[in-house]
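Undergrad: Sequence and predicted structure, then a few things I'm wondering about:
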Amino acid sequence: MPPRVINIVVAAGSGSRFGSELPKQFCELGGRSVLDHALERLENALPGSVTVVVLSPQFMDRAAGRMAVAGGASRWESVRNAIEATAGIDADVITVHDGARPLPSAGMIMRVVEACRGHHGAIPVVEVTDSLRNVDGTPVDRAAFRAVQTPQAFRADMLRRAYTLPCRPEFTDDASVMTAAGFSDIAMVDGDPMNIKITRPADIAVAEVYLTHGARR
Ligand code: C5P
């Protein structure tokens, strides 16, 4: 039996680093919005899953017929709102994905969901290519670190419990919320350097290249 999956796609950010009127998740990429790419890829990789889109009140129509939930002041609050709104939906696994990441591969989406069978959750990670230093100036070994992407997937009951804890500043993703709640068996699976989060305007041009490149792979 395939797991029953809820996808929470967070797209309620204002994108202050992006510097345009229209938040980055609604910008056009190859004829569709960044958010639409993300939603279609999740739904195609996980047939039968239920997708919830978290949006700012003025963009609620961007859910395009899917369940829309109003976001909060932080990413954590936006995810929490979606978890509360979906409390009545039976699920084995909840995935959480940034609406600003348009290019998750089907393989990666299936890998994180599949890994939830043997773990509390799973996250896609990539090697760090820049050198790293602590803020005090000490060099650190980059081989000891991984950069964490989305979609992340978790056992639904555990993620729901983890999101009853109060927010902390270090909660930049959902795996950190799970770990703080004691659900620390989080598998790390292969992410993809092309699964970028649109952050600055030039990232759209990079994503256009990856979109074309990915179609040829
Ligand atoms: O700001 P950042 O790029 O880290 O945001 C990651 C994702 O979280 C984005 O898709 C953004 O739209 C979403 N977000 C949200 N609600 C917020 C802040 C961010 O849904 N209050």
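TA: Sure thing, it's come through.
Undergrad: Show me what the lowest-mean-pLDDT helix or strand in the chain is packed against.
TA: Of all helical and strand segments in the chain, the minimum by mean pLDDT, DSSP states H and E falls on helix 202-216, at a mean of 89. Here helix 202-216 touches strand 28-29, helix 34-45, going by 3 or more CB pairs under 8 Å, 6 or more residues apart in numbering; DSSP states H and E. The way it works is simple: take the backbone N, C-alpha and C, and place the C-beta from them, glycine included.
Undergrad: Most tightly packed of these?
TA: Across the helices and strands packed on helix 202-216, averaging neighbours per residue (mean count of other CB atoms under 10 Å) puts helix 34-45 on top, at a mean of 21.
Undergrad: Quick check, Ile6 in contact with Leu46.
TA: No: contact criterion CB atoms under 8 Å: Ile6 and Leu46 do not qualify, at 9.8 Å.
Undergrad: what sits in contact with each of these two?
TA: Shared contacts of Ile6 and Leu46, defined by CB atoms under 8 Å, 6 or more residues apart in numbering, are found at Thr95.
Undergrad: for the protein, what spans make up the strands?
TA: Counting by DSSP state E, the segments of the chain that form strands are 5-11, 28-29, 32-33, 50-55, 67-70, 93-98, 121-127, 132-133, 139-140, 146-148, 152-155, 186-190.
Undergrad: Compile those into TSV and extend it with columns for distance to Ile83.
TA: Formatted as TSV, the strands of the chain follow (distance: least, CB to CB, whole Å):
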stretch	distance to Ile83
strand 5-11	7
strand 28-29	28
strand 32-33	24
strand 50-55	9
strand 67-70	9
strand 93-98	7
strand 121-127	14
strand 132-133	33
strand 139-140	34
strand 146-148	20
strand 152-155	10
strand 186-190	17
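Undergrad: Give the burial count for the closest residue to Val5 other than its chain neighbours, as a bare number.
TA: Distance criterion CB to CB, 6 or more residues apart in numbering; nearest residue to Val5, sequence neighbours excluded, is Ser49 at 3.9 Å. Per other CB atoms under 10 Å, the neighbour tally for Ser49 reads 20.
Undergrad: what residues are up against Ser49?
TA: By CB under 8 Å, 6+ apart, the residues touching Ser49 are Arg4, Val5, Ile6, Asn7, Leu42, Glu43, Thr95.
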